[in-house]
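**Q** below are the sequence and a predicted model for it; my questions follow.
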Amino acid sequence: MASADRADAASLAAGQDATLRLLQKAFQRLGVREIDPAGEPFDPTRHEAVLAQDSNTAEPNTVLQVMQPGYELHNRLLRPARVVVAKAPDS
């Protein structure tokens, strides 16, 4: 805090990365696992669809993009992953 007025963007980003790594290690020790379902079939019990997007390349009901990762604790859902799901293009 004392050096906050002299901090540059690179040192602030490095501090943020260090904090994120500490948080990830704490989650790992406690058994919290991140859910990142990109490319997987949509599962309404673990994912929350925020958008359905036309796709010519992906199968319908496949996760195209993860907007916000979800989390599990010992295989119990803490927060669903918020995702964009593929749908067949309108003809």
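**A** Ah, there it is.
**Q** what helices or strands is the helix or strand hosting Glu48 leaning on?
**A** Taking DSSP states H and E as the criterion, Glu48 maps to strand 47-54. Using 3 or more CB pairs under 8 Å, 6 or more residues apart in numbering; DSSP states H and E, the elements in contact with strand 47-54 are strand 63-68, strand 81-87. All C-beta spots, glycine's among them, are computed from the backbone N, C-alpha and C.
**Q** quick one: the residue sitting nearest the centre point of the chain from Pro80, how far?
**A** Nearest to the mean C-alpha position of the chain, by CA atoms, centre = their mean, lies Pro69 at 2.1 Å. Taking CB to CB, to the nearest Å as the measure, Pro69 falls 10 Å from Pro80.
**Q** quick check: neighbours shared by those two?
**A** Shared contacts of Pro69 and Pro80, defined by CB atoms under 8 Å, 6 or more residues apart in numbering, comprise Ile35.
**Q** if we can go back for a sec, quick check: angle from the strand holding Glu48 to strand 81-87?
**A** Angle of strand 47-54 versus strand 81-87, following axes from the mean of the first three to the mean of the last three CA atoms, to 10 degrees, is 30 degrees.
**Q** so Asn61 touches Val84, yeah?
**A** No - counting by CB atoms under 8 Å, Asn61 sits too far from Val84 to count as a contact (11.7 Å).
**Q** re earlier: most tightly surrounded among the helices and strands packed on strand 47-54?
**A** Between these, strand 81-87 has the highest mean count of neighbours, a mean of 20, where neighbours are mean count of other CB atoms under 10 Å.
**Q** relative to it, what are the paired strands and their orientations?
**A** As defined by DSSP bridges, the strand partners of strand 81-87 come to strand 47-54 (parallel), strand 63-68 (antiparallel).
**Q** which among these is found nearest to Phe27?
**A** With CB to CB, the closest approach to Phe27 among the strands paired with strand 81-87 belongs to strand 63-68: 15.4 Å.
**Q** show me what the next helix or strand after that closest one is packed up against.
**A** For strand 63-68, the succeeding helix or strand toward the C-terminus, using DSSP H and E, is strand 70-73. Judged by 3+ CB pairs under 8 Å, 6+ apart, the packing partners of strand 70-73 are strand 32-35, strand 76-79.
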